[in-house]
Structures are given as C-alpha cells and as structure tokens.
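# Predicted model, plus sequence, below.
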Amino acid sequence: MTRQLEIDQVSKRYGDIVALHGITFQVRAGEIFGLVGSNGAGKTTAMRIVLGVLAADAGAVRWDGRAIDLDVRRRIGYMPEERGLYPRMKVAEQLVYLARLHGMSAAEARASVNVWTERLAIAGRRDDDVIKLSLGNQQRVQLASALVHDPEILVLDEPFSGLDPVAVDVMSAVLRDQARAGVPVMFSSHQLDLVERLCDRVGIVRQGRMVAAGTVDELRAGGRDELIVGAPAAPPGWAGGLAGVTVIDQSGGHTRLALAEGADDQAILRAALATGPVHEFTRSRPSLTDLFRDIVGADPADTEGEAA
Amino acid sequence: MTSQNPRQAIGLIASREIVTRLRSKAFRIATGASVLILIGIAVVAKLAGGSPSYLDVGLTPGAVPLTGVVASTAGSIHVDLRTREVDDSAGRGQVRDGKLDALLIGDATSIQVVVKTDLDDGLRSVLQLVAQRAALDQQVRALGGDPARVAAGISAATVTVTPLVPPKKTNSEQLAVGIITSVLIYMALLLNGQAVAQGVVEEKTSRVVEILLATVRPWQLMIGKVLGLGVVGLIQVSVIALAGVAAGVATGSLHLHATAAFSTIAWLIAWFLLGYIAYSLAFAAVASLVSRQEEVAAAVTPVLMLLIVGYVIGISILPANPDSGFVAVLSLIPIFSPTLMPVRLALGVVPAWQAAVSLAGIIAVIPLLLWFSARVYSNAVLRSGARVRLRDAWRAG
C-alpha cells in the first residue's frame, strides 16, 4: 500500500469563527495534490495544522498510518504563505542553519545547500544577505529552505504566488521531480490553470470542508460537455431542435452548445453544415476554473488580491 | 538524517545568536566604547588625584630663620608646602605671577605675609600656629621656663576618641567602583535584554518564526535565544570589567587589593548572569506580544521601568549613603536585586546573610519566570498583526 498523508476529520475554530469543519483528505506518496479554495476557506489553517504550527481542536493528521509527531514534522518541507527568512543573514548560512535544525549534520547541510542553490540558480548569491536579493530570488531561497533538508513530505502554501514565469517553470519541475522521487507534495494555489496542469489530484475546499477531491477528470464527471461551432451563416435557433442539445449562447458567428450525455455530435455537425460553411467545431471540456466556479460559486480571481 | 534532541536544537539556536551578535557592528561599538570610557576614567582619575598640590612659600632673608618651624608645623597639620629663599622684590614679582603662593617677610618676632589676593586657609593655619608658638615661647622664657620642654609637653597631649557608631568602611575608591558597577550592570542588562526583545520581534516581523516552529518547540526557540545572547553578554561584561580593573591598576588610580578586585568582578558577573536571565525572560515574553519593531519600545516599557527604577535608586542614594536601609531592603527583592546588590557588594556594605538572601530570591524567581514567559511566548509568538494582550496570551492554551 502506498504511504499517504491523511488529514482526518480535522476541525479548528478561532473564537466564533470556524476555520475547519472536519476536513478530510489524503495525499499519496508520489503524487502532487493541489488544494484550491477561496480565501478564508481554510487551506492555510489546514497546512499549519499539518506542520504542528497550530493545534487542531479535533481530528488527526497521520503519515503512513501513524499520528504525526515532531520527528515526522522535522522531515516535512514547509513553505508558509507568509514568507519568512532572516533578512540580515547570508543565504547559505541561513539554509545550512535551517537544514541543521531539521536534523542534518553540518557536512550534509552544506552539501545539500550547494545542490539546491545550484538547482534553483541562486548559487551566485550564497554569501549575500537575503534582504539584498530581488523578491523573485528571495522566493527561490524560500523554496530552497523547504527542500534543503531532503524532506519526506512537502507542504507548500501558495508556492507560486509572486514568481516570474521562469521561476514558475523551475518550481513546477522541482515539484514533479520530488513527486517522482516518492514524496507526497501538497500545495495550495489560486492559479487554477497551473493546478490543473501540474496536479495529479485536486481538492476543493469551501468553508472548512473538502467539497470535492479527485483527478480533474473525476471532478468533471457529471459536469456538462460543451461544443463550440463556428458557422457564420447559421440562423438563430439552428440547433434548437437537436436531441440532447441546449444552446448556451450564439453571437459573432459562434454558437456554444451544451451537450447532454449521449448527444450525437455528428448530427450537430451535419445540421451546422446544412446552414453553410463550418470554420470551427470544438469540443470544450470545462476547465478547473469552470468547475471551481460551479462548485464554490465564486471566481477565485475575485478574491485573490487579499492573499497577495 | 538523524533525529534530534532538544539540547541540540537549543544549541544550534544559541550558536546562531552568538555568531550573529558578535558580528553586529552596534554590539562591537558598544563594547569598545565602554572599554575606552573605563580606561578614560582611570586615566583622568590618575591625573586629577595624582597631581602634586604643594604650596610654594618664599622667605625673604630676614624670615629665613622661620624655615624650620614653618615646615615642621605644616607637617604636623598635614599641609604640604615647599619653601625657598628669595629677595623681597623678586619674591613680590613671583607672587604676582603666581609662581609663589605666599611670601614671608619681616622676622621671627613679627610674621608678615604677602599674597596675590588671598591667603590659603591651610597656610593661614600654619602661620597662625607659628606666630602663636613664637608668642608662647617668649612668655615661657619671660617666666623662666624652658620652651623646648613646654613644646614637648604640648605635643605629647592627645585626645582619645570613642565613636558610638562604627565609622563607614567605604572609601572614595570603593565608591567610584560602586558607581561604575552600577552603570555597567544597568547598561549590560538594558542592552542585552533589549537585544532579546528585538530578536524575538525580528523573527515575528520576518515571519521566519513559522518555519522555525515547524521544527522546534517555541520554548526551545526562546531559551536558545536567551542563552545565546546571554553568552555574548557575559563575554561583553567580563571584557569590560577586566579592562576597567586592569586600566585602574595599570594607571595606579586603583589600589584595590587583588582579592577585593576579584570579588567585585566575580559578583558583578554573577549578578549580571542572574539579572540577565530573569530580565531577558521577561523581555522575551512581552516582546512576543507585538509584531513590529516600532512596537517593541512600548511593549518592553513595563519591564524596562523596573530596571530603571532600581538603577536610579541605586545611583542617587548609594553614593551619599551606602548604608541606606531602604536600599538594603530593596536589594533583597528579586526585581531590584540585580541592579542594587552588586553595587552594594562593590561598596563593601553587605552582610553575608543579605547576599545569601538576595541570591536565593533571584534563583527562586527564575524558574517561575521561565514557566510564565515560555507560556506567554508560545501562545503569542505566532499571532502576528495587532498587539496580543498579555492576559490573552496567558490564557490561550
């Protein structure tokens, strides 16, 4: 059986505000799990509880079937939402220090710092104070601090926020490598296209509960399929009579159709051709953003500003 | 990767603090400046205290026979003077120029003094006695007696003094050492205590605390910081105290016995350590309540006030009144003992039982403070944003 990180019925309240309401999900070794949800949904609270930075009111966090203790936590790589490093400490010294706090020997720590600063292209800044680095490079140091102790589990809160496109690619590659090496990788993000591309499984959190979890395809199951037909000569209502087809929108020569299960797309194509030329005939599967909007009922981009 | 015990974690945290602080420019400047100031004080004390203060007295040829009696009388009442023969007009010129403090003219029977503006009080007493002695000798001779025997009889007469209160044992040198001790321990507690407070808030402001607390417990982080900065503070105080004593001995402005010097330094260091542990724990707890450097000053004020009150009481009462019963009582209370007890010890006015009571007091208070501070710190250090109320930090479990 694959080892997995289990978050089991975890609850947390701050005074009158319920942050987590018995949230339950699993991250398997070797998979990338994306946690999405509006701000205040409870993603950060869940991660802080996994790290033991916060104590849960109820529920359990288990790794490989056993409750997580300080020894396991020391083997987690963590990137908090609020980035944190000593501003006036040299990059390499800081990373060595953090690696040693996580239990590495001085020699192991130095070797690992060399590896990760090379990999993340900050080797030239090893002897600079963190505060002297650009924001993007500080983010790379932050990622290095999560990886430097060769963690068994990765928990990253908004690892992509504030990264330039090159750094996003570096980060994505690192996360894939880690997963391939058998590390369960769990991260939260508001960049849903990125989550869709990168994650093996996605969990959607709403008001402290896990409302949907699975592969993106699984989340799509039961959702509707859409078809976009580019037939400029088609009159309004041309597709109205087709079985299992609902017209969502028709404008500028394009018609968006929703297909019920079992609807015959070839019949639609024939009907379209009957109206004149057809320039486009595209099946459009709902994106994670569409799914998210359907499930949560709000566009995550609307609230993203708060997290920045 | 190996698992790690709390001692290793605390050791790592403490070493980071030590390295960072030793590299800090502000720290090096403060230590260097303190050493220089103490050396400066020693040199100034030497120059001020050691310069000779003789009175130069000229005697015209007619007054020269008085030389012996003037010198011996001056010696008997501890007035330092040097005599030399000059002629009248040259002597008056030298008095005018300040090269002579006084010029004796006339003869053995009628003493006359020429001065620039005023006759020095000591010299006035000397000359008064010389004149009286001359008059007395004349009368003794007129009555057919022997002036030498009368003089011997007079000088043999003594007064027996019986003090009802034992005299103060504190001399001016001890007083100086006491004042310097007071300033030094106050500065050391203040600077190092505030370094702890600033370090705690720096970790909160930079949010690095969240990463650290994912791998160490809050109390380990707090103790590591207090220990690390304490080691540096200890080095700092030792260096300053040793440099001060060395400067004092080298310039000759300090004549302390070796054991007295050693015990003063040893007490200073011991009290710095105890005071530092107690105060820095309190500083760490109150600092953990705030999240921004601008708020540190306000947060630490209550603790700072206790430190300042002890210092001000010590520095304003003890020099004039080393035996003050009020200060003695305060110096037994753990809040004030770190700032007052080492000063009283330097002044040499502490009975053994008082030293023991104040030591026992502060040693008993430290575990309580540790318990209190660790709880407040653990509950408050991850709460960023608005200032956390002490009561909330204490209650929230």
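Cool, the structure landed. These numbers were taken from a predicted model, which means no experiment stands behind them.

# Am I right that B:Val113 falls within a strand?
Yes - counting by DSSP: H, G, I helix; E, B strand; the rest coil, B:Val113 falls inside a strand.

# Just list the residues touching it, thanks.
B:102-105, B:119, B:123, B:127 (CB atoms under 8 Å, 6 or more residues apart in numbering or on different chains). All C-beta atoms are positioned from the backbone trio N, CA, C, and that covers glycine.

# ok, and what's touching the helix or strand encompassing B:Gln8?
According to DSSP states H and E, B:Gln8 maps onto helix B:6-23. Contact partners of helix B:6-23, identified using CB under 8 Å, 6+ apart, comprise A:89, A:97, A:100-101, B:27-28, B:195, B:199, B:215-217, B:220-221, B:223-225, B:227-229, B:231-232.

# just stretch B:345-365 next, same as before
Contacts of stretch B:345-365 (CB under 8 Å, 6+ apart): B:169-170, B:174-175, B:177-178, B:181, B:260, B:263-264, B:267-268, B:271, B:274-275, B:278, B:318, B:322-323, B:328, B:331-334, B:337-338, B:341, B:344.

# one step back: cross the contacts of helix B:6-23 against helices and list the overlap.
Of the positions in the contacts of helix B:6-23, A:97, A:100-101, B:27-28, B:195, B:199, B:220-221, B:223-225, B:227-229, B:231-232 sit in helices, assigned by DSSP state H.

# which of those are buried?
Among the ones in helices among the contacts of helix B:6-23, those classed as buried by 16 or more other CB atoms under 10 Å in any protein chain shown are A:97, A:100-101, B:27, B:195, B:199, B:220-221, B:223-225, B:227-229, B:231-232.

# which one of these is nearest B:Thr73?
The closest of those to B:Thr73 turns out to be B:Phe27 (CB to CB; 58.9 Å).

# which residues touch that closest one?
B:21, B:195, B:232, B:236.

# Excluding chain neighbours, give the residue nearest to the third one in space.
It stands for B:Val232. Among residues not flanking B:Val232 along the chain, B:Arg21 sits closest, at 4.5 Å (CB to CB, 6 or more residues apart in numbering or on different chains).

# okay, now the spatially closest residue to A:Ser172 that is not a sequence neighbour: neighbour count?
Spatial nearest neighbour of A:Ser172, chain neighbours left out: A:Leu198 (5.6 Å); criterion: CB to CB, 6+ apart. For A:Leu198, the neighbour count with other CB atoms under 10 Å in any protein chain shown is 21.

# Get me the contact residues on the stretch 1-150 of chain A for chain B.
A:48, A:51-54, A:70-71, A:73-76, A:78, A:80, A:82-87, A:89, A:97-98, A:100-105, A:108, A:145, A:149-150 (CB under 8 Å from any CB of the partner chain).

# what sits against B:Tyr276?
Residues near B:Tyr276 by CB under 8 Å, 6+ apart: B:188-189, B:192-193, B:230, B:233-234, B:338.

# Just the helices from the stretch 251-397 of chain B, written as ranges.
Assigned by DSSP state H, counting those that start in this stretch, the stretch 251-397 of chain B shows helices spanning B:258-287, B:293-317, B:325-330, B:337-347, B:352-380, B:390-395.

# which of those sits most buried?
helix B:337-347 (a mean of 28; mean count of other CB atoms under 10 Å in any protein chain shown).

# count of residues packed around residue 65?
Assuming you mean chain A. For A:Gly65, using other CB under 10 Å, the count is 9.

# Oops, wrong one, chain B.
Counted with other CB under 10 Å, B:Pro65 comes out at 11.

# Check the one 4 residues further on too.
Close neighbours of B:Val69, defined as other CB under 10 Å, add up to 16.

# Helix, strand, or coil at it?
helix.

# which residues touch the closest residue to it other than its chain neighbours?
Spatial nearest neighbour of B:Val69, excluding adjacent residues (CB to CB, 6+ apart): B:Val130 at 5.6 Å. B:Val130 makes contacts with B:66, B:69-70, B:73, B:111, as judged by CB under 8 Å, 6+ apart.

# Show me the two of those residues that sit farthest apart.
B:Thr73 and B:Ile111 (11.6 Å).

# More neighbours: those two, which one.
B:Thr73 (20 against 17).

# Which strand or helix spans the most centrally placed residue in chain A?
Centroid-nearest residue in chain A: A:Gly34, 3.2 Å away (criterion: CA atoms, centre = their mean). Assigned by DSSP H and E, A:Gly34 belongs to strand A:32-36.

# Report the strands that pair with that strand, each with its relative direction.
Each strand paired with strand A:32-36, and its direction, by DSSP bridges: strand A:185-188 (parallel), strand A:201-206 (parallel).

# Name the surrounding residues that touch stretch B:202-218.
A:48, A:51-53, A:70, A:73-74, A:76, A:78, A:80, A:82-87, A:98, A:101-102, A:145, B:6, B:9, B:13, B:221, B:224, B:288, B:290-293, B:374, B:377-378, B:381-382, B:384.

# returning to what we had before: most tightly packed of the strands paired with strand A:32-36?
Buried most deeply of the strands paired with strand A:32-36, by mean count of other CB under 10 Å, is strand A:185-188, with a mean of 27.

# ok and the residue in the stretch 101-250 of chain B nearest chain A?
Nearest residue of the stretch 101-250 of chain B to chain A, counting by CB to the nearest CB: B:Arg207, 3.2 Å away.

# residue contacts, whatever residue of the stretch 1-150 of chain A ends up closest to chain B?
Relative to chain B, the nearest point of the stretch 1-150 of chain A is A:Gly84 (3.2 Å; CB to the nearest CB). Residues near A:Gly84 by CB under 8 Å, 6+ apart: A:142, B:206-211.

# and it, how far is that from B:Leu213?
For A:Gly84, the distance to B:Leu213 (CB to CB, to the nearest Å) stands at 10 Å.
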